[in-house]
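model this:
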Amino acid sequence: MDFIEKNKRIVKSSSIKIGKRTYFFDVKSTSGGDYYLVITESVRTQEGTFEKHKIFMYKEDFYKFTQAYDEMMAFMKTEKPDYFEERDFSSDIDIEE
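I've put the predicted structure just below:
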């Protein structure tokens, strides 16, 4: 039985490992059937423990969140275009679904 089957509220899950950080993206379902997004950053500390930070994104926030995200990405692409050059990150990033 995989993680999604154990936690029936999780509809879809994905994670990205980058160095000491892992980002989890979980679409969950409320008891009423609505979906919401949980973004979790898990960071390994020097002591070997993990610090977790979560953002809960509800349907009424999706539009404003993506608008602000798009605005910040456009700004950074203009100000620091070298940040967005194609690079081979395959050894640093592990994407799981």
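
Buried residues, stretch 54-74. List them.
For stretch 54-74, the neighbour count (16 or more other CB atoms under 10 Å) marks no residue as buried. Any C-beta I mention is one placed from the backbone N, CA and C, and that applies to glycine too.

chain center to that stretch: distance?
Distance, stretch centre to chain centre, for stretch 54-74: 12 Å (CA atoms, centre = their mean, to the nearest Å).

Distance from the strand or helix carrying residue 75 to the middle of the chain?
According to DSSP states H and E, residue 75 maps onto helix 62-79. How far helix 62-79 lies from its chain's middle: 16 Å, per CA atoms, centre = their mean.

Verify the contact between residue 52 and residue 40 for me.
Yes: when contacts are counted by CB atoms under 8 Å, residue 52 is listed as touching residue 40 (5.8 Å).

Of those two, which one has the most company?
residue 40 (15 against 10; other CB atoms under 10 Å).

In a strand, residue 31, correct?
No: using DSSP: H, G, I helix; E, B strand; the rest coil, the secondary structure at residue 31 is coil, not a strand.

sorry, back to before: can you list contacts of the helix holding residue 75?
Helix 62-79 has contacts (CB atoms under 8 Å, 6 or more residues apart in numbering) with 37, 57, 83-84.

Residue 26: neighbouring residues, count only.
Residue 26, neighbours per other CB under 10 Å, totals 20.

Could you please name the strands the helix or strand harbouring it pairs with and the direction of each pair?
Using DSSP H and E, residue 26 sits within strand 21-29. With DSSP bridges as the test, strand 21-29 is paired with strand 10-18 (antiparallel), strand 35-44 (antiparallel).

could I get those as a markdown table with distance to residue 61 and mean pLDDT?
Shown next, in a markdown table, are the strands paired with strand 21-29 (distance: least, CB to CB, whole Å; pLDDT from 0 to 100):
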| stretch | distance to residue 61 | mean pLDDT |
| --- | --- | --- |
| strand 10-18 | 18 | 92 |
| strand 35-44 | 9 | 95 |
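
Output those in TSV, with distance to residue 75 appended to each entry.
As requested, the strands paired with strand 21-29 are arranged in TSV below (distance: least, CB to CB, whole Å):
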stretch	distance to residue 75
strand 10-18	22
strand 35-44	21
